[in-house]
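Peer 1: Okay, predicted coordinates and the sequence, questions at the end:
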Amino acid sequence: MNLFTIEQFNELAQQSGKLCVSIYSPTERQSTDAYRASKLHFKNALTEVRNKLVKQRGMSQADAEELLADGFRLLEDQSFWQHASDMLACFIVDGEITTLSLPLAIETPQTHIGERLYLLPLIPELNDDGHFYVLALNLKEVALFEVTRSTIQAIDLPDGIDASYTEDIEEYENQKQLQHQSGFGQAGAIFHGQGSGSDEERKERILQFFHRLSSDLDPLLHQNPLPLVLAGVEYLIPIYKQASNYPYTIDEHLSGSYSAGDMLSLSAEAWELMEPHFRQQRQERKDEYSLFMSRGQGDSDPESVIMTALSGGVDTLFVQPGTDIWGTYDAENFTLTIDGEATPDNYSLTDEAAKKTKEYGGTVYLVDEEAMPASGALIAGIFRYPVTETVGEEAVTNE
């Protein structure tokens, strides 16, 4: 699996068209029946979109099927399903298809049609709220994982990253042997194969290897910065911390000999380690919200929060998933219209507020009702500056 980055999110957020289809569908990582359940979920989602296009958008059956043709063709691509994760995100903009395979649990498919893509379900992939990396420091082959409460997924490292100290040191020893046999190097030196030399010399070579590894790995992690948990035998942890400059590495670590085949135990042990951190962070966010509210830099009124977010003024946005606020926004006149339900002519203002918050470098959290910082709120925000004027009736209409 490749990392999903904020740059990719922002690129999707900028896309628009006459018809933009967003589908989120549950998938299986392994299957004994040719991924029948995954395909059925996705086929049902495509069929639902096709029916909406015909009944709500006035398209002919043939035109709707042509728009979705690439999606239906995926149902016959067995190799596509063999590389699935926990959720398939499929976006079709005027017939052009983009797919993402992500380690995000989803129970039932979601479908959205409009003039812009619906991206709210992607937010957890970009956040550190219950979402983090684990780096298994196995000298035979280093492995990187993306972990949530219920999932773990190996991340494919670019081909240019040297992830094996064992291969590295074997090449080093072979070069020394060749130099010795050719008459180069220290006269009279005796070589004893892999890992020769004192413990200090071996640690120094491991440090050099970790320096090279981190110089390649840190930029990859910075594409979507999340907390990093190190896992490995005790003596390797401080060596890697010395080599790496990644600022989000957790002080605590997992101690043991782990490899790419230990995903299940890694997932359980890593979550046990990280869950208290996330619980504390959620409490701190609630406390921060109360503090900023007292300064006039926070609100849970939907109109105020959405208007502020659309102008780039929200630093942290809290959203209840599945509780979209529907309407339209007129950027030229700075006016917001909130509707009672979704229609072919409106869109999710909640989704738009989240996109803008991410575009301006803010943070968006999808939180359950009981975890919202303001009781009973569908949306809440911490603002970058005090909001001194209440959004007036001339700027907001409710229908």
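Peer 2: Yes, it's here.

Peer 1: Phi and psi next, for Asp159.
Peer 2: Main-chain dihedrals, Asp159, degrees, to the nearest 10: phi -60, psi -30.

Peer 1: my bad, Phe80
Peer 2: The phi and psi values for Phe80, taken as degrees, to the nearest 10, are phi -60, psi -40.

Peer 1: what's the neighbour count on it?
Peer 2: 17 (other Cβ atoms under 10 Å). Where you see a C-beta, it was placed from the backbone N, CA and C, and this is true even at glycine.

Peer 1: and the residue nearest in space to the middle of the chain, what pLDDT?
Peer 2: Centroid-nearest residue in the chain: Glu125, 2.1 Å away (criterion: Cα atoms, centre = their mean). Note for Glu125: predicted pLDDT of 89.

Peer 1: before we move on, what about Pro26?
Peer 2: pLDDT, Pro26: 97.

Peer 1: Also His83?
Peer 2: His83 is assigned a predicted lDDT (pLDDT) of 89.

Peer 1: wait, doesn't the residue nearest to the centre of the chain sit right on Thr148?
Peer 2: No. Counting by Cβ atoms under 8 Å, Glu125 does not reach Thr148; the two are 9.2 Å apart.

Peer 1: what residues are shared contacts of these two?
Peer 2: Common contact partners of Glu125 and Thr148 (Cβ atoms under 8 Å, 6 or more residues apart in numbering): 103-104, 131.

Peer 1: Strands of the stretch 51-200 of the chain, start to end?
Peer 2: Ranges of strands in the stretch 51-200 of the chain, per DSSP state E, counting those that start in this stretch, are 87-93, 96-102, 110-116, 131-136, 143-148, 152-154.

Peer 1: buried sites along the third one?
Peer 2: It stands for strand 110-116. Of the residues in strand 110-116, 110-114, 116 count as buried by neighbour count, 16 or more other Cβ atoms under 10 Å.

Peer 1: just the last one next, same as before
Peer 2: Taking 16+ other Cβ under 10 Å as the neighbour-count basis, strand 152-154 is seen to contain the buried residues 152-153.

Peer 1: what's that strand in contact with?
Peer 2: Contact with strand 152-154 is made by 1, 85-86, 103, 134, 143-147, 260, 263-264, 266-267, 270, as judged by Cβ under 8 Å, 6+ apart.

Peer 1: Nearest to Ala13 among the buried residues of strand 110-116?
Peer 2: Checking those against Ala13 by Cβ to Cβ gives Arg116 as the nearest, at 8.0 Å.

Peer 1: about what we covered before: can you go through the contacts of strand 152-154 and name the buried ones?
Peer 2: Restricting these to buried positions leaves 1, 85-86, 103, 134, 143-147, 263, 266-267, 270, with burial counted as 16+ other Cβ under 10 Å.

Peer 1: Which of these sits closest to Ala37?
Peer 2: Asp86 (12.5 Å).

Peer 1: pretty sure that closest one contacts Tyr24?
Peer 2: No. Taking contacts as Cβ under 8 Å, Asp86 lies outside contact range of Tyr24: 10.9 Å.

Peer 1: can you list residues touching both of the two?
Peer 2: Ile106.

Peer 1: Could you name the helices and strands sitting against the longest helix along the chain?
Peer 2: In terms of residue count, the longest helix belonging to the chain (DSSP state H) is helix 263-294. The contact analysis (3 or more Cβ pairs under 8 Å, 6 or more residues apart in numbering; DSSP states H and E) places helix 263-294 against strand 131-136, strand 143-148, strand 152-154, strand 228-232, strand 254-255, strand 298-299, strand 314-319, strand 379-383.

Peer 1: picking up where we left off before, and the residue nearest to the residue nearest to the centre of the chain when sequence neighbours are not counted, backbone torsions?
Peer 2: Distances taken as Cβ to Cβ, 6 or more residues apart in numbering place Phe4 nearest to Glu125, at 5.0 Å, with adjacent residues excluded. Main-chain dihedrals, Phe4, degrees, to the nearest 10: phi -100, psi 130.

Peer 1: List the contacts of Phe4.
Peer 2: Contact partners of Phe4, counting by Cβ under 8 Å, 6+ apart, are 100, 102, 122, 125-126, 224.

Peer 1: quick one: pLDDT of it?
Peer 2: pLDDT recorded at Phe4 is 89.
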